[in-house]
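Enquirer: here is the input, now give the coordinates:
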Amino acid sequence: MGARMMTMIDAPVIEPAPLAETATIKRAAVALGLTEKAVRRKIEEGVWVEGRHYHRRGGTVWVDIAGVTRWVRHGV
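Expert: Numbering: from 1, shown residues only. From the prediction side, this is the model:
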C-alpha cells in the first residue's frame, strides 16, 4: 500500500498566535509585512512618533502595533 494523500479535511488546524500590543522591531516587521530596515527608517526619519508608534525601554525599541495600525488607517 502506498502513502495516502492528506486532504484539507485531514489537515490540522493551526490557529495564529494573538498579536501582542507591542513587539520588537524584528517581530513587528514580520507582523506588519515590512522589512526591519523599513521599520527602523520610519523611526529614524520621524514618520513614527515616539510615545505614539513606538517606545524605548531598557535599550529595546518596542513598536506599538495599535499605534502603527492607526497610522496606516488614519495617518496619525
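
Enquirer: model confidence score at the spatially most central residue of the chain, please.
Expert: The residue lying closest to the centre of the chain (Cα atoms, centre = their mean) is residue 31, at 2.4 Å. Predicted confidence (pLDDT) for residue 31: 91.

Enquirer: how far away is it from residue 73?
Expert: 15 Å (Cβ to Cβ, to the nearest Å). Backbone N, C-alpha and C define where each C-beta goes, glycine included.

Enquirer: what does residue 52 give?
Expert: From residue 52 to residue 73 the distance is 14 Å (Cβ to Cβ).

Enquirer: neighbour count: the two, which is higher?
Expert: residue 52 (13 against 8; other Cβ atoms under 10 Å).

Enquirer: and the more buried one, how close does it get to residue 39?
Expert: 15 Å.

Enquirer: that older thread, wouldn't the residue nearest to the centre of the chain be in contact with residue 23 here?
Expert: Yes: using Cβ atoms under 8 Å, residue 31 is in contact with residue 23, at 6.1 Å.

Enquirer: which neighbours do those two share?
Expert: Taking Cβ atoms under 8 Å, 6 or more residues apart in numbering as the contact rule, the neighbours common to residue 31 and residue 23 are residue 65.

Enquirer: now do the helices in the chain.
Expert: 25-32, 36-44, 65-74 (DSSP state H).

Enquirer: return stretch 38-49 as CSV; C-alpha atoms alone will do.
Expert: The C-alpha trace of stretch 38-49 is given here as CSV (Å, rounded to 0.1, in the frame of the first residue of the first chain):
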residue,chain,number,x,y,z
ALA,A,38,11.7,49.8,6.8
VAL,A,39,10.6,49.8,10.4
ARG,A,40,13.9,51.4,11.5
ARG,A,41,13.7,54.1,8.8
LYS,A,42,10.2,55.1,9.8
ILE,A,43,11.5,55.6,13.3
GLU,A,44,14.8,57.3,12.3
GLU,A,45,13.0,59.7,9.8
GLY,A,46,10.3,60.7,12.4
VAL,A,47,7.5,59.1,10.4
TRP,A,48,6.5,57.2,13.5
VAL,A,49,6.4,59.2,16.7
